[in-house]
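J.: sequence isn't available, so here's the structure alone:
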């Protein structure tokens, strides 16, 4: 069984939204922080991999949300690099509250990039040996979001200086900021995410302007939003989120 | 002498930029986190004030930077509500590294808003008594940035869902993201801020699009950037930043 690693995090006010819940984007930041902390703990952080011209890149997340963490709340994120095959690594995350109740479960698929060629490369057993990941024939397939059809809103987002990570790439959590922002604020104030599936298709770069579009399906109590982030005719990311009407007992 | 309050904070990777230094925007978030932690510690946080229909709003910051905090670094932010008069409160912040070396000093001016009328109201001695702030005739005047003249770049920023704070207003740190983003990335990669003065003039709201403009003065070793954020003909904020060419010893 793959090694687990845990990180405690207190949700700070600037990681929350108008409902006092942590934003999906900030949750993904803390999730990546946890996996990078495990990488460091095992002696193979991004600097070590970078010296070999390699870097991990996430291609998709699938999140199941019981409840989003609240501002001020202390959460614990646990992760393990569960399994891998020749080209894909499967990593799991569990986000729990101070009582150990599961708030969010996240499945993710990662690929190893050759940073010089900017191409996906094979995952050698040496790179993952420290994680004690299971070598498998097929890693789990995560849900594949479909593009929005009856688009209800389109917004443009220019890639900003602060969107760029230490590694020179756009921080993946920014996509979630754009995706959520295409929905009306009145909707976001009254609905909680229950599942979030996102698939990153093509990289966007500094200075570029991307278009975000959204379709909203379902009735008031249970809705599905479908999202596309694209530039010119190229898809950068596709996402699907299911939402549940917020109830008073959830104390939004 | 006014009571001091300190908060420790580890700079997380998503609070940094491509140079691995904390962004100015994120530093301001942690600064506000510290003052709100003192408010809470003294039993007068935003919820308590909100019940009286009141809320603190910052009108200007003046920052002196020896060195910006680095990603992973443990910093301590200390604050005190130094002095106040009928309409203005003067609050100081000191950001130090793990060895106690001063990284950043921040002066700030705050006003008390009547949240119902959305107008500035007088600061009663009761509201500030817990801070043991000194009642003064005049609080210090912070530098007043002037508008850019020879504009070298203009960019539009639409206010997004994630820009909105728990209190329903635009998080002030967002202005710093826009302000910094109007400068070329090549400039930002090679220069460190030494002083940052920002003055908030008028509130912007969700859905609005603001224009950011910038003028760049000086030579390569020492530059001054002047910034304006406006909507229609209304100034939302003015800022002036002095920059020093990054040297190799600073290990950017």
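T.: Okay, I see it. Predicted, not measured: the structure shown is a model, and the values here were computed from it. Numbering: from 1, shown residues only, chains lettered A, B, ... in the order given.

J.: give me the neighbour count for residue A:189.
T.: By the measure other C-beta atoms under 10 Å in any protein chain shown, the count of residues near residue A:189 is 15. Just so you know, the C-beta spots here come from the backbone N, C-alpha and C atoms, and that holds for glycine as well.

J.: for my notes, confirm it occurs in a helix.
T.: Yes: assigned with DSSP: H, G, I helix; E, B strand; the rest coil, residue A:189 falls within a helix.

J.: let me know whether it touches residue A:180 as I believe.
T.: No: between residue A:189 and residue A:180 there is no contact under C-beta atoms under 8 Å: 11.9 Å.

J.: where does the stretch 151-252 of chain A have low pLDDT?
T.: Residue ranges of the stretch 151-252 of chain A with pLDDT under 70: A:248-252.

J.: quick one: the strands in it?
T.: A:153-158, A:191-200, A:209-218, A:222-231, A:234-245 (DSSP state E, counting those that start in this stretch).

J.: now the longest helix seen in chain A, how far from the centre of its chain.
T.: As assigned by DSSP state H, the longest helix anywhere in chain A is helix A:24-41. Relative to its chain's centre, helix A:24-41 lies at 10 Å (C-alpha atoms, centre = their mean, to the nearest Å).

J.: how about the residues of chain A near chain B?
T.: Residues of chain A found near chain B (C-beta under 8 Å from any C-beta of the partner chain) are A:12-14, A:16-18, A:20, A:23, A:25-26, A:29, A:32-33, A:36, A:71, A:155, A:158, A:160-162, A:164-166, A:168, A:171, A:173, A:177, A:180-181, A:183, A:185, A:188, A:206-207.

J.: now which of the residues you listed would you call buried?
T.: Among the residues of chain A next to chain B, those scoring as buried are A:12-14, A:16-18, A:20, A:23, A:25-26, A:29, A:32, A:36, A:71, A:160-162, A:164-166, A:171, A:173, A:177, A:180-181, A:183, A:185, A:188, A:206 (criterion: 16 or more other C-beta atoms under 10 Å in any protein chain shown).

J.: ranges for the helices of chain A?
T.: For chain A, the helices defined by DSSP H occupy A:24-41, A:46-51, A:125-128, A:173-181, A:185-190.

J.: check contacts around the spatially closest residue to residue A:139 that is not a sequence neighbour.
T.: Distance criterion C-beta to C-beta, 6 or more residues apart in numbering or on different chains; nearest residue to residue A:139, sequence neighbours excluded, is residue A:90 at 4.1 Å. Under the criterion of C-beta atoms under 8 Å, 6 or more residues apart in numbering or on different chains, the neighbours of residue A:90 are A:81-84, A:107-110, A:136, A:139-140.

J.: check which helices and strands the longest helix of chain A sits against.
T.: With contacts taken as 3 or more C-beta pairs under 8 Å, 6 or more residues apart in numbering or on different chains; DSSP states H and E, helix A:24-41 sits against strand A:4-10, helix A:46-51, strand A:54-65, strand A:74-84, strand A:89-96, strand A:102-114, helix A:173-181.

J.: select from those the stretch with the lowest mean pLDDT.
T.: Ranked by mean pLDDT, the helices and strands packed on helix A:24-41 bottom out at helix A:46-51, with a mean of 93.

J.: buried residues of that one, list them for me.
T.: Those would be A:46, A:49, for helix A:46-51 by 16+ other C-beta under 10 Å.

J.: ok, and what's touching it?
T.: Applying C-beta under 8 Å, 6+ apart, the set of residues contacting helix A:46-51 is A:36, A:39, A:55-56, A:115, A:127, A:167.

J.: just to revisit the earlier point, what separation is there between the residue nearest to residue A:139 and residue A:61?
T.: Separation of residue A:90 from residue A:61 (C-beta to C-beta, to the nearest Å): 12 Å.

J.: shared neighbours of these two, which are they?
T.: In contact with both residue A:90 and residue A:61: A:107-108, using C-beta under 8 Å, 6+ apart.

J.: that older thread, and the longest helix of chain A with strand A:102-114, angle?
T.: 60 degrees (axes from the mean of the first three to the mean of the last three C-alpha atoms, to 10 degrees).

J.: coming back round to it: and the furthest pair within the contacts of helix A:46-51?
T.: For those, with distances taken as C-beta to C-beta, the pair at the greatest spread is A:127 and A:167 (17.1 Å).

J.: quick one, which of those two is more surrounded?
T.: Neighbours were counted for residue A:127 and for residue A:167 using other C-beta under 10 Å; residue A:127 has more, 19 against 13.

J.: was I right to think the more buried one contacts residue A:44?
T.: Yes: counting by C-beta under 8 Å, residue A:127 does reach residue A:44; the two are 7.3 Å apart.

J.: now the end-to-end length of stretch A:201-213.
T.: Using C-alpha to C-alpha, to the nearest Å, one end of stretch A:201-213 lies 15 Å from the other.

J.: show me what counts as buried in that stretch.
T.: If you call a residue buried by 16+ other C-beta under 10 Å, then stretch A:201-213 has these buried ones: A:204, A:206, A:210-213.

J.: out of the residues you listed, who's nearest chain B?
T.: residue A:206 (6.0 Å; C-beta to the nearest C-beta).

J.: isn't that closest one up against residue B:186?
T.: No: with contact defined as C-beta under 8 Å, residue A:206 does not count as touching residue B:186 (10.6 Å).

J.: show the contacting residues for residue A:157.
T.: Residue A:157 touches A:178, A:181, A:209-212, A:229, counting by C-beta under 8 Å, 6+ apart.

J.: try it again at 6 Å.
T.: Counting by C-beta atoms under 6 Å, 6 or more residues apart in numbering or on different chains, residue A:157 touches A:178, A:210.

J.: could you check how far it is from residue A:64?
T.: With distances taken as C-beta to C-beta, residue A:157 is found 27 Å from residue A:64.

J.: how about residue A:236?
T.: As defined by C-beta to C-beta, residue A:236 lies at a distance of 24 Å from residue A:64.

J.: same deal with residue A:232?
T.: Applying C-beta to C-beta, the value for residue A:232 to residue A:64 is 34 Å.

J.: compare those two (neighbour count), which wins?
T.: residue A:64 (16 against 8).

J.: which residues does the spatially closest residue to that one that is not a sequence neighbour bridge with?
T.: Nearest residue to residue A:64, sequence neighbours excluded (C-beta to C-beta, 6+ apart): residue A:105, at 4.7 Å. Per DSSP bridges, the residues bridged to residue A:105 are residue A:64, residue A:94.
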